[in-house]
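Colleague: Could you look at this predicted model? Sequence included:
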Amino acid sequence: MSNSLRSGMLRRDRVFEFLAPSVSERLDTQCSTMLYMENVSVSFDGFKAIDDLNFYVDTGELRCVIGANGAGKTTMMDIITGKTRPDTGKVVFGRNVDLLTLGVEQIALAGIGRKFQKPTVFEELNVFENLELALADDKKVFSTLRVKISSEQLGQIEDVAAIVGLDSLMRKRAGALSHGQKQWLEIGMLLMQRPLLLLVDEPVAGMTHQEMEKTGQLLSDLAGKHTVVVVEHDMEFIRSIANRVTVLNQGSVLAEGSMDDIQQNDAVRRVYLGE
Ligand SMILES: Nc1ncnc2c1ncn2[C@@H]1O[C@H](COP(=O)(O)OP(=O)(O)OP(=O)(O)O)[C@@H](O)[C@H]1O
Ligand SMILES: [Mg+2]
């Protein structure tokens, strides 16, 4: 049995406990594949940004996606989250949820959370309030929601704050946090929605070395309970967390495997090192 298959099987039950009521009831996460994309292509003004892409992510795995600027990494995330519609291909969540039939909000509600590169926390609110706000489906009704927070929700806020390492900073204004702490807060806000799949685009850009280490630990800890796909350019960071790595090039998969496999791969060496 392959390692990836084994980890998928082992982790299935752990993922299951994270099925929140908000998650689509149609979603079947009992299978070992959390997400797959098959023969996906998209062109922008005749330029194929994604070109016959096939991409499979196991339940509970931490997958790293690397590739040169313009390789299509962000576009791939745009397609998964419904921001961009592909011209052709299949994008399926769990065994049976066709993401191409869902809108951006429905996809988020189905259990796919996305972290953009730039932190988008509410600077004027403190850590606790930011996490509390993340509970709200409609941010505009935040003020009315506040009185209704249950002890279970309070517990969830405390749990998430501890997971992202901000439990001692609950009353600190988000605007006064360091860059790394803001990134962790934003990851915490995503976790409040109990996502099954987390897409994280360039999480360590601009972080100190120490912050990078903490982020690596955090993402590794989240895997298993969640399925995590991380796009990152920092190879030292990738090496520190990587299990399985996918190399994208000109909109399709050039290579996939362990970090060592990737570094030995002839096609990767040709593209990256010009060999
Ligand atoms: N909405 C769009 N309209 C036109 N072209 C786009 C659009 N989105 C992406 N592209 C183009 O598609 C290609 C892939 O871009 P993408 O942002 O996915 O690359 P990336 O791998 O994320 O790169 P980076 O590492 O620089 O973030 C690029 O050539 C980009 O200019
Ligand atoms: Mg990008």
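Modeller: Right, received. Where do you want to start? Computed from a predicted structure; not experimentally measured. Ligands and ions are numbered 1, 2, ... in the order given.
Colleague: Show me the helices in the stretch 1-150 of the chain, by range?
Modeller: For the stretch 1-150 of the chain, applying DSSP state H, counting those that start in this stretch gives helices covering 3-16, 73-80, 104-109, 127-133, 142-145.
Colleague: got the domain boundaries for this protein?
Modeller: Domain assignment of the chain by automatic domain parsing yields the ranges 3-120+193-273, 122-176.
Colleague: Spell out which residues of this structure are next to ligand 1.
Modeller: Contact residues, the chain versus ligand 1 (Cβ under 6 Å from any ligand atom): 44, 49, 67, 69, 70, 71, 72, 73, 74, 75. Bear in mind the C-beta positions are built from the backbone N, C-alpha and C, glycine included.
Colleague: which ones among the residues you listed are found in strands?
Modeller: Among the residues of the chain next to ligand 1, the members falling in strands (DSSP state E) are 44, 49.
Colleague: of the residues of the chain next to ligand 1, closest to residue 229?
Modeller: residue 73 (9.8 Å; Cβ to Cβ).
Colleague: Quick one: residues contacting the spatially closest residue to that closest one that is not a sequence neighbour.
Modeller: Among residues not flanking residue 73 along the chain, residue 231 sits closest, at 4.5 Å (Cβ to Cβ, 6 or more residues apart in numbering). For residue 231, the contact set (Cβ atoms under 8 Å, 6 or more residues apart in numbering) comprises 64, 65, 66, 73, 74, 77, 199, 200, 201, 202.
Colleague: Tell me where this protein has strands.
Modeller: 33-44, 47-58, 62-66, 88-93, 97-98, 112-115, 197-201, 227-231, 244-249, 252-257.
Colleague: would you turn the ones you listed into CSV with mean pLDDT?
Modeller: Shown next, in CSV, are these (pLDDT from 0 to 100):
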stretch, mean pLDDT
strand 33-44, 97
strand 47-58, 97
strand 62-66, 96
strand 88-93, 97
strand 97-98, 94
strand 112-115, 94
strand 197-201, 96
strand 227-231, 96
strand 244-249, 96
strand 252-257, 96
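Colleague: in the stretch 151-275 of the chain, which spans are helices?
Modeller: 151-163, 179-191, 209-222, 235-241, 259-264, 266-273.
Colleague: Using PDB, write out every CA atom in the first one.
Modeller: This means helix 151-163. Taking C-alpha atoms only, helix 151-163 is exported to PDB below (Å, rounded to 0.1, in the frame of the first residue of the first chain):
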ATOM      1  CA  SER A 151     -20.800  28.700  25.200                       C
ATOM      2  CA  GLU A 152     -20.000  26.200  22.500                       C
ATOM      3  CA  GLN A 153     -19.000  29.000  20.200                       C
ATOM      4  CA  LEU A 154     -16.900  30.600  23.000                       C
ATOM      5  CA  GLY A 155     -15.200  27.300  23.400                       C
ATOM      6  CA  GLN A 156     -14.500  27.100  19.700                       C
ATOM      7  CA  ILE A 157     -13.000  30.600  19.700                       C
ATOM      8  CA  GLU A 158     -10.700  29.600  22.600                       C
ATOM      9  CA  ASP A 159      -9.700  26.400  20.900                       C
ATOM     10  CA  VAL A 160      -8.900  28.100  17.600                       C
ATOM     11  CA  ALA A 161      -6.900  30.800  19.300                       C
ATOM     12  CA  ALA A 162      -4.800  28.200  21.100                       C
ATOM     13  CA  ILE A 163      -4.300  26.300  17.800                       C
END
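Colleague: Need the residue closest to the centroid of this structure.
Modeller: Residue closest to the mean C-alpha point of the chain, counted by Cα atoms, centre = their mean, is residue 199 at 1.7 Å.
Colleague: Without its sequence neighbours, what residue ends up closest to that residue?
Modeller: If the residues on either side of it in the chain are set aside, residue 199 comes closest to residue 114, at 4.5 Å by Cβ to Cβ, 6+ apart.
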